[in-house]
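# Okay, here's the prediction I keep looking at, along with the sequence it came from:
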Amino acid sequence: MLKDKIARAEVLLAEAFAELSAELRDETGRVRGELTQECWRLRLKSGELRRYFSQSGQDWYLDQLLFKERRGGVFVDVGGYDGVTGSNTLFFEVFRGWTGLLIEPVPALSEGQSSHEKPRRKAYLSRSRRHSHRHRQRRRLVVL
């Protein structure tokens with residue numbers, strides 16, 4: 001009985017993914033982003049891509065197509081939120097041995113880094129604050 005339910009669920013997930021993929025091929029407007037996220041969620045639910053963390057597969061894309069499973073790289077993640085939720089770089093840190101810098105300018109969003117509920121990142125977290133136009137500072141990023 002349970003095996004039958006699981007088999008039916010797998011078939012339904014595969015059918016939903018095929019339908020979403022067909023819609024995605026035909027869509028060129030604003031809905032495309034939402035369809036991409038739904039496709040990604042279905043792939044995650046199917047268990048096909050368990051190790052990835054991003055919202056729409058950015059980490060999978062970078063790992064497989066751009067970096068070709070490269071190990072030991074360095075990243076800068078701007079808008080890193082809490083460092084875990086929807087992270088584009090957590091996969092590289094955990095599974096590829098990368099290190100880097102997480103930048104989150106909104107202190108309330110980076111609070112998750114000190115929480116016991118989520119894994120702590122090894123990457124350095126910068127909780128820099130936004131500056132008003134009167135107090136704008138020049139900042140320089142040096143890439144080595």
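Sure, I can see it.
# rest of the way, CA atoms for contacts and neighbours
Will do.
# which non-adjacent residue is nearest the residue nearest to the spatial centre of the chain?
Most central in the chain under Cα atoms, centre = their mean is residue 54, positioned 1.6 Å from the mean C-alpha point. Among residues not flanking residue 54 along the chain, residue 86 sits closest, at 4.2 Å (Cα to Cα, 6 or more residues apart in numbering).
# For the one you found, list the residues it contacts.
Residues in contact with residue 86 (Cα atoms under 8 Å, 6 or more residues apart in numbering) are 53-55.
# just to revisit the earlier point, and the residue nearest to the centre of the chain, which of the three is it?
When classified by DSSP: H, G, I helix; E, B strand; the rest coil, residue 54 comes out as coil.
# so what's it up against?
Contacts of residue 54 (Cα under 8 Å, 6+ apart): 85-88.
# if you set the cut-off to 10 Å instead, what comes out?
For residue 54, the contact set (Cα atoms under 10 Å, 6 or more residues apart in numbering) comprises 37, 40, 60, 84-91.
# mind checking how far the residue nearest to residue 54 is from residue 42?
Relative to residue 42, residue 86 is positioned 15 Å away (Cα to Cα, to the nearest Å).
# same deal with residue 58?
Counting by Cα to Cα - residue 58 and residue 42 are separated by 15 Å.
# which SSE is residue 44 in?
Here residue 44 sits within helix 31-45, counting by DSSP states H and E.
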